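>>> For reference, the sequence and a predicted model appear below.
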Amino acid sequence: MMISIVIPVFNEKESIPDLYLEIIENVSSYGKWEIIFIDDGSSDGSKDKIIDIISKDPKVKLISFYRNFGKSAALSEGFKHSIGDIIITMDADLQDDPAEVPNLINKINEGFDLVSGWKKVRHDPWTKTLPSKIFNFVTRILTGVKIHDFNCGLKAYRSSVIKTIEIFGGRHRYIPALAGQKNFSISEIVVNHRARKFGTTKYGGSRLFHGFFDLLTILFLNKYTQHPLHFFGFIGLTTFSFGIIIELIVLYYKFFLSEPFSKHIALLLLGVVLLFIGIQFFSIGLLGEMMARYSQRKEDRVKEIISN
């Protein structure tokens with residue numbers, strides 16, 4: 001069994017040496033393992049620290065970005081270059097405890113495809129924990145994935161999971177939800193969360209709002225990606241129907257009450273606009289169906305093939 005540990009790094013120079021030593025202490029017994037650091041445009045010398053480790057340990061790899069692209073891009077690139085049967089992700093700030101790695105692997109070996117850490121006791125200020133609780137509650141309700149901590153960086157995946165899902169933008173927060181949409185089995189374990197030892201948090205208040213927009217995107221894409229006409233067609237049909245009703249009302253005024261069109265010109269124009277908008281939405285839905293048909297040919301649908 002090969003273990004890959006994927007770690008996004010952004011300005012965590014002081015944490016990297018200690019993190020590496022703690023990881024080695026907890027994975028050396030597995031025999032086959034690798035550590036992949038992704039330097040997400042650090043400017044504090046983090047890259048040099050990792051290069052120094054690589055010079056002493058060939059099992060450590062570095063992927064270096066031109067600039068800061070964000071955690072989703074870093075994880076995506078790390079997944080792409082990992083060769084492990086089980087992939088572990090963690091943050092580089094030492095708040096995620098590498099001693100939890102064996103526990104995550106043991107839970108995966110129970111038959112789960114993805115195991116998420118749950119920071120039940122957190123050592124963060126309330127300005128970070130309160131928005132996180134709200135975010136996790138809403139996400140749990142809307143996605144149907146029954147875990148407590150979607151944001152925890154400490155997770156374990158089977159390789160089949162990371163090969164199936166795509167993450168970009170801020171979608172790394174919703175990897176369990178994306179995996180759940182693919183019917184992968186998901187579990188969680190309580191993990192030790194430590195206070196930040198070096199540096200400052202990269203968490204910003206705007207992340208909460210961005211997270212909800214990302215959640216809406218995921219929910220929309222999950223429901224309508226394969227049949228966009230169901231969404232745009234419904235809006236188009238509804239709008240077109242209102243337009244027809246308005247035009248019929250105008251015709252009623254004209255031919256049954258003998259009132260000139262000029263008296264109801266605003267209503268007449270509103271009906272025309274609604275008819276036009278309805279046709280546009282319906283056309284968008286048809287174009288979406290054509291694009292969905294093409295994308296479905298490329299989608300990886302097979303989870304595994306079993307034969308005797």
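Yes, it's here. The shown structure was predicted, so the numbers you read here are calculated from the model rather than taken from an experiment. Numbers count the residues shown, from 1 in each chain.

>>> A helix includes Phe220, no?
Yes - judged by DSSP: H, G, I helix; E, B strand; the rest coil, Phe220 forms part of a helix.

>>> So it versus Ile147, what's the distance?
Going from Phe220 to Ile147 by C-beta to C-beta, to the nearest Å gives 22 Å. (Each C-beta comes from the backbone N, C-alpha and C, glycine too.)

>>> before we move on, what about Ser283?
In terms of C-beta to C-beta, Ser283 sits 40 Å off from Ile147.

>>> more neighbours, Phe220 and Ile147?
Neighbours of Phe220 and Ile147, each counted by other C-beta atoms under 10 Å, are more numerous for Ile147; the result is 21 against 12.

>>> Tell me which residues touch the more buried one, please.
116, 118, 140, 176, 186-188 (C-beta atoms under 8 Å, 6 or more residues apart in numbering).

>>> Show me which of these is closest to Pro58.
Ser116 (30.5 Å; C-beta to C-beta).

>>> What pLDDT is listed against the closest residue to the closest one other than its chain neighbours?
Using C-beta to C-beta, 6 or more residues apart in numbering and skipping residues adjacent in sequence, the residue nearest Ser116 is Glu188, 4.5 Å away. At Glu188, the model reports a pLDDT of 93.

>>> check which helix or strand covers Glu188.
Counting by DSSP states H and E, the element that carries Glu188 is strand 186-190.

>>> ok, which stretches of this structure are strands?
For the chain, applying DSSP state E gives strands covering 2-9, 32-39, 60-64, 86-89, 114-118, 155-158, 186-190.

>>> Now tabulate these in CSV and tack on distance to Lys263 and mean neighbour count.
Listed next are these as CSV, based on distance: least, C-beta to C-beta, whole Å; neighbours: other C-beta atoms under 10 Å:
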stretch, distance to Lys263, mean neighbour count
strand 2-9, 65, 24
strand 32-39, 67, 23
strand 60-64, 69, 17
strand 86-89, 67, 26
strand 114-118, 64, 26
strand 155-158, 66, 27
strand 186-190, 62, 18
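
>>> got these as JSON lines, with distance to Thr239 columns?
Shown next, in JSON lines, are the strands of the chain (distance: least, C-beta to C-beta, whole Å):
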{"stretch": "strand 2-9", "distance to Thr239": "44"}
{"stretch": "strand 32-39", "distance to Thr239": "46"}
{"stretch": "strand 60-64", "distance to Thr239": "48"}
{"stretch": "strand 86-89", "distance to Thr239": "44"}
{"stretch": "strand 114-118", "distance to Thr239": "41"}
{"stretch": "strand 155-158", "distance to Thr239": "43"}
{"stretch": "strand 186-190", "distance to Thr239": "39"}
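
>>> still on that earlier bit, which other helices and strands does the strand holding Glu188 contact?
Contacts defined by 3 or more C-beta pairs under 8 Å, 6 or more residues apart in numbering; DSSP states H and E place strand 186-190 against helix 101-108, strand 114-118, helix 175-181.

>>> Comparing these, which comes out most buried?
strand 114-118 (a mean of 26; mean count of other C-beta atoms under 10 Å).

>>> Can you list the strands that it pairs with?
Looking at strand 114-118 with DSSP bridges, its partner strands are strand 155-158 (antiparallel), strand 186-190 (parallel).

>>> Would you agree the residue nearest to Ser116 is in contact with Trp118?
Yes - counting by C-beta atoms under 8 Å, Glu188 touches Trp118, with 4.9 Å between them.

>>> Thank you kindly, that will do.
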